[in-house]
Each structure stands twice: as C-alpha cells, then as structure tokens.
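A.B. asks: coordinates for the following, if possible.
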Amino acid sequence: MYSQTKLKEGMQELVDFVDANLDELIAMEKRDRRTQVSNLEVFCRMDIGILTSRDSLKYTVLGVERGLTTNMFGWSDWLGAVLDITFVAHLLPELMGCTVPGCPAIDLEYDMKILTSYILAPKRRTKKSVL
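C.D. replies: This is a model prediction of the structure:
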C-alpha cells in the first residue's frame, strides 16, 4: 500500500494547501472589508475536495463555514465536538477585546471538567426528559 513516509508527506501537503488558502481568504476578507480582523482567524471549517490524476492529487476548496454553529460532524465524536465548541466559546471574550475590569472571569479548565462530568454522568430519564 503506502509507506508511513508517503502518508506523512501527503498529510503535510494537504495541511499546507489548507493553510495557504485560509491565509489568502483572511487577507481577501480584511482587504475587502477594510478591517484588521477576520472571524475566520477565530474558527472555521474548510471542506476540501481531492481530485486524482495519473501521478498526483489535486485539492480544491469546496466550502468554508465559520462560527460556533459550524457543523462539526458531531455524530462521529459528539463529545469532542462539544468540547471543541466550549473551548472556542471561552476564547471569544478575549478575542473581542474583553480585557477590562468587569468582564466575566473565564476558567476554561473548570468549565471543561464540569461539562465533561455532566456529559459522561449517567442520566435519569423520565417521559418528560428530552435527554
């Protein structure tokens, strides 16, 4: 099949493609909107198509989705998706410049521990319960 070296090289090629395209999208958005920031720098999902040719692979960007409501394929790893969204949500106040006194204190480690224990805890189910 493929060697580990070839697989690593292929993954690096894909990551380089994504990084280069994301950098360009961010630069275009900043330029077109005349702004210094892009929320693509905070969080986005990029769907990549892979096209095969005789001797190589070609990549294309199929779509870019941004924001906390981004589809993260949570059905395959729903706990990971919930934890990722929680992590990003904790970054938002700082990214939005909320560094003044009175901003809510953020304790990511504590919140992740509570969230994880809640998700993993056995639940009592009743007829009225949605969970």
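A.B. asks: can you name the next helix or strand after the host helix or strand of residue 58?
C.D. replies: Counting by DSSP states H and E, the secondary-structure element that holds residue 58 is strand 57-66. Using DSSP H and E, the helix or strand that follows strand 57-66 in sequence is helix 78-95.
A.B. asks: now that following helix: average pLDDT?
C.D. replies: Taken as a whole, helix 78-95 has an average pLDDT of 72.
A.B. asks: send the alpha carbons of that helix over as CSV?
C.D. replies: Output of helix 78-95 as CSV, limited to C-alpha atoms (Å, rounded to 0.1, in the frame of the first residue of the first chain):
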residue,chain,number,x,y,z
TRP,A,78,-20.1,14.3,19.8
LEU,A,79,-18.1,14.7,23.0
GLY,A,80,-15.1,16.1,21.1
ALA,A,81,-17.4,18.4,19.1
VAL,A,82,-19.0,19.8,22.4
LEU,A,83,-15.6,20.2,24.0
ASP,A,84,-14.2,22.0,20.9
ILE,A,85,-17.2,24.4,20.8
THR,A,86,-16.8,25.1,24.5
PHE,A,87,-13.1,25.8,24.1
VAL,A,88,-13.8,28.3,21.2
ALA,A,89,-16.6,29.9,23.2
HIS,A,90,-14.1,30.6,26.0
LEU,A,91,-11.8,32.3,23.6
LEU,A,92,-14.4,34.8,22.3
PRO,A,93,-14.3,37.4,25.2
GLU,A,94,-10.5,37.8,24.9
LEU,A,95,-10.7,37.8,21.1
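A.B. asks: report the buried residues of it.
C.D. replies: Buried residues in helix 78-95, counted by 16 or more other C-beta atoms under 10 Å: 81, 82, 85, 86. Bear in mind the C-beta positions are built from the backbone N, C-alpha and C, glycine included.
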